[in-house]
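A.B. asks: build me a model:
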Amino acid sequence: MPKDPVCGMEVDESGTFKLTQEGRTYYFCSQHCKDKFLARSSKKEPPAPQARYVYTCPMHPEIRQDKPGDCPKCGMSLEPAGPVAGDSGEDKELRILSQKFWISAVFTVPIVLLTIGEMIPAIDLSIFIPYHISSWIQFLLATSVVLWSGGFFFARAWRSIINKSLNMFTLIALGVGAAYGYSVVAVLLPQVFPDTLKKMGKLDLYFEAAAVITVLVVLGQLLEAKARSRTSQAIKALLGLAAKSAHRIRQGLEENVAIDDIRKGDILRVRPGEKIPLDGVITEGRSTVDESMITGEPMPVVKNTGDKVVGATINQTGTFLMRAEKIGAETLLSQIVHMVSQAQRSRAPIQGIADRIAGYFVPVVMTVSALSFLIWLNWGPQPQLAHAFVNAIAVLIIACPCALGLATPMSIMVGVGRGAQSGVLIKNAEAIEKAEKITHLLTDKTGTLTEGKPRITAYIESPGWDKGELLSIAASLEQSSEHPLARAIVDFAKEQNVETAAAENFESITGDGIKGNIHGKSVIVGKQKFMEESEMNITEDFRKQALDLQDQAQSVVWVAVEGRVAGIFGISDPIKKTTPDAIRTIHNMGIKVVMLTGDNRKTAQVIAGRLGLDDFHAELVPEDKQQIVKELADKGARVMMAGDGINDAPALAQADVGVAMGTGTDVAIESAGITLVKGDLGGIVKALRLSRNVMGNIRQNLFFAFIYNSLGVPIAAGALYPFFGLLLSPVLAGAAMSFSSLSVVGNALRLRKLKL
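C.D. replies: Got it, this is the predicted structure:
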């Protein structure tokens, strides 16, 4: 018997549930399976997108190409500007460098043993291996190490010359190439050298210097590649934790489907302990959700019907149904990954200093190396040529500016990744640098300082009116309005189980209120000014009670029926619990906090007083907020603007640093340099701490690099020899060069453990 192609059950061929399609006959156990098969077969699967990843240089983000390679300016390996599936260029680079390091290290050990016998008689192999045989062994092994393991930095050096962009690989290639080339000529054509350079008929060989330096350079590149890989581990782990499938509800039946098959509007069931598949809204049920992987906050969040949930977070206690609203690249998780990957490869203005210095540094070092050679050749001790040669190579090796080049991008990469772990998403490196110098924080009130969810906290009826009747009439009219205060009245009516009716002749008067007919009665709801303009009689007692509510930071909504005031509602937007502590911390950082709001002046004054703000501006329109930012900037202030609405977007764009709340609109987020996944001032505190620590780390790295090169080059040139008889061999110069790069990388990686 054939099997149902949908559910797998055996079916009878004599049944009526069969279908012939493209010359094939299918049998089904029910009409439901048949309909499901038809829906599936009629749906054309889109062709799998061809993954094209942009590869860019961490030091020069303007260098971009669609395949792995090396930066033509600095020679570093290009990195994917986003998460690469499968065997990424990053993984391949690590594997190749690891192979090169271990093989070259094994080949270098015999070279070192053959050359250090003169210094350590106990392991002198010249007794067993004659000089001419030892020379050829060193030549063969060193050739494998230098040309195979180190071939990549010769190729990069050549490209730097062609592109007229001398870099660290130019210096390394010159130093290693000189040591290796001199030794090769000494083995193949020893007769071209004068006898004065020979000791007992033997020429000094520098194969061990070339090989050891190559191994050290490869090791440095390997460790740097591993360090860069670790900077994005948090994001990779986040991607790996995303749900792979979901329980979709269709026509009352539940089916398990892949995430890629979910479409907007699909209803999904989420059970306790499962990951929330995508971003959406709870349509039925209640639960607590662990959002720590997105916000960095350990406490679970209570979610009720109507609340938004974020994909990849973990449902804890209850089962609920949700409607998928964002899929694919629209989800918060995808946006985080995209934003972080872009920010990690952006350039901070401070990096321009390092770039300008590096641009002059390489030619200067080559000049110093040449001068060192000439000085030692003419005035150095015997053998003069050997001393001149060794010191010139040491200068080239130790002066490698890789530490200088890594100083800024490594700190940016690690810092941006650390911020993402704590719900602070950096759009570009410039925002980090500017945030450190902020003098004024300008913040919206609703949704930033307050919860952004107004609710009724008081309502007073006129004599002869019942509270329930008053609430029913007001909610009936307000349910046609989209104003946040209207939603507060409607939601409160639902909580009180008050019935509402349909409104007739509804009319909204922008900035004043609304009016219409309920049960044939004329109803007006809105501001006191609207009542007065509508010639309503307002008693002194009502005016006083309204002022008392405003003194308590409550917005007052008036209700009039058939030409008479029926009552007033006091509506407040509670201050977020985290706001007072955050403002105190920001003040301790030496930053002034100013509130900008469109709310009435009385309410704004009360909120500002409670929070101890430095200043406030009320009854503003979007253009006013932007103008205030501009005026402060004209006075020399460094302004950070925080907001979450469309009306905040102009001010966010005008400010030195715009901070958008992740709970806000896409327009606000797009206009900002920093986005906070959790929309409160605590996130701003984290962003400020992050910027100060990242910039401090960059300065430490630049200090290490400058001091290292300032001291290293003169020592390598032989500045200590006249006083202490000390010379720096090329091998030690190579080790010092690698150490300087690793010190910068290690210092940057400390940011991964930064407490925000």
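
A.B. asks: what's the burial count for G712?
C.D. replies: 21 (other CB atoms under 10 Å). Where C-beta positions appear, they are placed from N, C-alpha and C, glycine not excepted.

A.B. asks: with L385 instead?
C.D. replies: The local packing of L385 (other CB under 10 Å) involves 18 other residues.

A.B. asks: element containing it, please.
C.D. replies: helix 384-398 (DSSP states H and E).

A.B. asks: check which helices and strands whichever helix or strand comes after that helix is in contact with.
C.D. replies: Following helix 384-398 in sequence order, the next helix or strand is helix 402-421 (DSSP H and E). Helix 402-421 is packed against helix 207-231, helix 233-240, helix 332-344, helix 351-379, strand 424-426, helix 429-435, helix 681-717, helix 730-749, with contacts defined by 3 or more CB pairs under 8 Å, 6 or more residues apart in numbering; DSSP states H and E.

A.B. asks: sorry, back to before: and the helix holding L385, what does it pack against?
C.D. replies: By 3+ CB pairs under 8 Å, 6+ apart, helix 384-398 packs against helix 168-188, helix 351-379, helix 681-717, helix 730-749.

A.B. asks: sort out which residues of it are buried, please.
C.D. replies: 385-398 (16 or more other CB atoms under 10 Å).

A.B. asks: following the chain onward from the worst-scoring helix or strand of the chain on mean pLDDT, which element is next?
C.D. replies: Every helix and strand in the chain was compared by mean pLDDT, DSSP states H and E; the lowest is helix 666-671, with a mean of 54. Next in sequence after helix 666-671, counting helices and strands by DSSP H and E, comes strand 674-676.

A.B. asks: ok, that following strand: who's next to it in the sheet?
C.D. replies: If you go by DSSP bridges, strand 674-676 pairs up with strand 424-426 (antiparallel), strand 657-661 (parallel).

A.B. asks: for R638, phi and psi?
C.D. replies: phi -100, psi 110 (degrees, to the nearest 10).

A.B. asks: now for the longest strand anywhere in the chain, which elements pack on it?
C.D. replies: When the chain is parsed with DSSP state E, its longest strand is strand 564-572. For strand 564-572, the packing partners by 3+ CB pairs under 8 Å, 6+ apart come out as strand 455-461, helix 467-478, helix 484-495, helix 540-551, strand 555-561.

A.B. asks: how far off helix 540-551 does it point, in degrees?
C.D. replies: 10 degrees (axes from the mean of the first three to the mean of the last three CA atoms, to 10 degrees).

A.B. asks: skip ahead from strand 564-572 and say which helix or strand is next.
C.D. replies: helix 579-588.

A.B. asks: CA-only coordinates of that next one, as PDB, when you get a sec.
C.D. replies: The C-alpha trace of helix 579-588 is given here as PDB (Å, rounded to 0.1, in the frame of the first residue of the first chain):
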ATOM      1  CA  THR A 579      16.500  56.300  36.200                       C
ATOM      2  CA  PRO A 580      17.400  58.000  39.600                       C
ATOM      3  CA  ASP A 581      20.600  55.800  40.100                       C
ATOM      4  CA  ALA A 582      21.600  56.300  36.400                       C
ATOM      5  CA  ILE A 583      21.300  60.100  36.700                       C
ATOM      6  CA  ARG A 584      23.400  60.100  39.900                       C
ATOM      7  CA  THR A 585      26.100  58.000  38.100                       C
ATOM      8  CA  ILE A 586      26.100  60.300  35.100                       C
ATOM      9  CA  HIS A 587      26.400  63.400  37.300                       C
ATOM     10  CA  ASN A 588      29.400  61.700  39.000                       C
END
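
A.B. asks: in it, what's buried?
C.D. replies: Buried, per 16+ other CB under 10 Å, within helix 579-588: T579, A582, I583, T585, I586.

A.B. asks: from those, which single one is nearest V559?
C.D. replies: Distance to V559 across those (CB to CB) is lowest for T579, with 31.2 Å.

A.B. asks: how near is the closest one to A716?
C.D. replies: Note on T579: its distance to A716, by CB to CB, to the nearest Å, is 57 Å.

A.B. asks: could you say which of the helices and strands packed on helix 402-421 is packed most deeply?
C.D. replies: strand 424-426 (a mean of 28; mean count of other CB atoms under 10 Å).

A.B. asks: what's the closest of the strands paired with strand 674-676 to G452?
C.D. replies: Here strand 657-661 is closest among those (CB to CB), at 8.7 Å.

A.B. asks: is L253 in a bridge, and if so with what?
C.D. replies: Beta-bridge partners, per DSSP bridges, of L253: R250.

A.B. asks: tell me the confidence at it?
C.D. replies: On pLDDT, L253 comes in at 86.

A.B. asks: before we move on, what about the one 4 residues further on?
C.D. replies: Taken from the predicted model, the pLDDT recorded for V257 is 91.

A.B. asks: give the burial count for the nearest residue to Y206 once chain neighbours are set aside, as a bare number.
C.D. replies: Nearest non-adjacent residue to Y206, counting by CB to CB, 6 or more residues apart in numbering: A179, 4.1 Å away. Applying other CB under 10 Å, we find 31 residues neighbouring A179.

A.B. asks: show me the contacts for A179.
C.D. replies: Neighbouring residues of A179 by CB atoms under 8 Å, 6 or more residues apart in numbering: Y206, F207, A209, A210, I213, I393, P730.

A.B. asks: quick check: the second one touching W136?
C.D. replies: Spelled out, that is F207. No: taking contacts as CB atoms under 8 Å, F207 lies outside contact range of W136: 10.6 Å.

A.B. asks: low-confidence ranges, the stretch 351-500 of the chain, go.
C.D. replies: For the stretch 351-500 of the chain, the stretches with pLDDT under 70 are 351-356, 358-359, 400-406, 482.

A.B. asks: of the buried residues of helix 579-588, closest to Q550?
C.D. replies: T579 (20.6 Å).

A.B. asks: quick one, what contacts that closest one?
C.D. replies: Taking CB under 8 Å, 6+ apart as the definition, contacts of T579 comprise L449, T450, L611, D680, L681.

A.B. asks: which of those sit farthest apart?
C.D. replies: Among the contacts of T579, L611 and D680 lie farthest apart (CB to CB), at 12.8 Å.

A.B. asks: against Q384, how distant is R584?
C.D. replies: 70 Å.

A.B. asks: please read the previous query as pertaining to F28.
C.D. replies: 95 Å.

A.B. asks: for V416, same thing?
C.D. replies: 52 Å.

A.B. asks: least confident of the helices and strands packed on helix 402-421, on average?
C.D. replies: helix 233-240 - the lowest mean pLDDT of these, at a mean of 56.

A.B. asks: mind exporting stretch 153-164 as PDB, just the C-alpha atoms?
C.D. replies: C-alpha atoms of stretch 153-164 as PDB (Å, rounded to 0.1, in the frame of the first residue of the first chain):
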ATOM      1  CA  PHE A 153      55.200  38.400   4.000                       C
ATOM      2  CA  PHE A 154      57.600  38.600   1.000                       C
ATOM      3  CA  ALA A 155      54.500  38.700  -1.200                       C
ATOM      4  CA  ARG A 156      52.900  41.400   0.900                       C
ATOM      5  CA  ALA A 157      56.100  43.400   0.900                       C
ATOM      6  CA  TRP A 158      56.300  43.300  -2.900                       C
ATOM      7  CA  ARG A 159      52.700  44.500  -3.100                       C
ATOM      8  CA  SER A 160      53.400  47.300  -0.700                       C
ATOM      9  CA  ILE A 161      56.200  48.500  -3.000                       C
ATOM     10  CA  ILE A 162      54.000  48.300  -6.100                       C
ATOM     11  CA  ASN A 163      51.200  50.200  -4.300                       C
ATOM     12  CA  LYS A 164      53.700  52.700  -2.900                       C
END
